[in-house]
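**Q** Sequence first, predicted coordinates after that:
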Amino acid sequence: MSTAAEIVARVRGERQLSMSLLAELAGVSRSTVSRIESGKFEPTFALLQRVVEAAGFTIDAAPEVPGAQG
């Protein structure tokens, strides 16, 4: 299973979005995206879903993180 940090970093990278743009699209601060990606903040499922969907994915269709165990 991938961590929230891995998922957010992966979807942001797949869409080539800056942290600032992803934050704007998701309606959160850039700091929130940064803290999620760095593992300093574990978002609720609803927040993770909002960020992932802002990048154009759904939680069940988010790109797989290589090496993640599920």
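**A** Great, that's in hand. Numbers count the residues shown, from 1 in each chain.
**Q** Quick check: buried residues in stretch 46-55?
**A** 47-49, 51-52, 54-55 (16 or more other C-beta atoms under 10 Å). In this view, the C-beta of every residue, glycine as well, is placed from N, C-alpha and C.
**Q** And for stretch 8-24?
**A** Neighbour-count burial for stretch 8-24 [16+ other C-beta under 10 Å]: 8-12, 17, 19, 21-23.
**Q** What of stretch 20-38?
**A** 21-23, 25-26, 28, 32-33, 35-37.
**Q** List the residue ranges of this structure that fall below the pLDDT cut-off.
**A** Scanning the chain for pLDDT under 70 picks out the ranges 1, 61-70.
**Q** check contacts around the residue most central in space within it.
**A** Computing the C-alpha centroid of the chain and ranking residues by C-alpha atoms, centre = their mean puts Val8 first, at 1.9 Å. Contacts of Val8 were listed using C-beta atoms under 8 Å, 6 or more residues apart in numbering, and they are 22, 33, 36-37, 48, 51-52.
**Q** Among these, which are located in strands?
**A** Among the contacts of Val8, no residue falls in strands (DSSP state E).
**Q** by contact count, what packs against the host helix or strand of Glu24?
**A** Per DSSP states H and E: Glu24 is located in helix 19-26. With contacts taken as 3 or more C-beta pairs under 8 Å, 6 or more residues apart in numbering; DSSP states H and E, helix 19-26 sits against helix 4-14, helix 30-37, helix 45-54.
**Q** Generate a markdown table for these, with distance to Asp60 as supplementary columns.
**A** Formatted as a markdown table, these follow (distance: least, C-beta to C-beta, whole Å):
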| stretch | distance to Asp60 |
| --- | --- |
| helix 4-14 | 12 |
| helix 30-37 | 19 |
| helix 45-54 | 10 |
